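Chemist: What follows is a protein structure lacking sequence information:
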């Protein structure tokens, strides 16, 4: 997933192996992340909420895992070529999330592993 840093466009989602030789355009800088997610437009299968991916909260319809942190398209393509991450399968039904409620605030769901790693000030309230 890539987006221009000047905010002129929304993000672009492409299959990672399709940009193996990509380099950053000269006219403006872009940022990029590599995700393992449901995305196969050739077979009309993809997560419709993938463009809303958030590394802290579960906002996509299917599981999405961050494989490589934000950086340039050139660096992302080099990382992908070096590491060649394999596709993966997982259950997307009956997943467990933590939802925090603090006073009048209701927070987005998070994975239990992320909730366990949160700072004390981010743990206030109750969970369900």
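Modeler: All right, it came through fine. Owing to the predicted nature of the structure, the values given are computational and were not obtained by experimental measurement. Residues are numbered from 1 along each chain as shown.
Chemist: Name whatever forms a beta bridge with the nearest residue to residue 125 once chain neighbours are set aside.
Modeler: In space, and not counting its chain neighbours, residue 125 is closest to residue 102: 2.9 Å by Cβ to Cβ, 6 or more residues apart in numbering. Where C-beta positions appear, they are placed from N, C-alpha and C, glycine not excepted. Counting by DSSP bridges, residue 102 is bridged to residue 105.
Chemist: Could you list the buried residues of the longest helix anywhere in the chain?
Modeler: Assignment by DSSP state H gives helix 73-83 as the longest helix of the chain. Residues of helix 73-83 classed as buried: 73, 76-77, 79-80 (neighbour count, 16 or more other Cβ atoms under 10 Å).
Chemist: Confirm for me that residue 47 is in contact with residue 64.
Modeler: Yes. Residue 47 is within contact range of residue 64, at 6.8 Å (criterion: Cβ atoms under 8 Å).
Chemist: So for these two, which residue has more residues nearby?
Modeler: residue 64 (22 against 19; other Cβ atoms under 10 Å).
Chemist: and the residue lying closest to that one once chain neighbours are set aside, how far is that from residue 67?
Modeler: Spatial nearest neighbour of residue 64, chain neighbours left out: residue 37 (3.9 Å); criterion: Cβ to Cβ, 6+ apart. Applying Cβ to Cβ, to the nearest Å, the value for residue 37 to residue 67 is 10 Å.
Chemist: what about residue 34, how many neighbours?
Modeler: Considering only other Cβ under 10 Å, residue 34 is surrounded by 22 other residues.
Chemist: tell me which element it falls in.
Modeler: Element membership for residue 34 (DSSP states H and E) is strand 30-36.
Chemist: Within its sheet, name the partner strands of the next helix or strand after that strand and how each one runs.
Modeler: Using DSSP H and E, the helix or strand that directly follows strand 30-36 along the chain is strand 39-40. With DSSP bridges as the test, strand 39-40 is paired with strand 45-46 (antiparallel).
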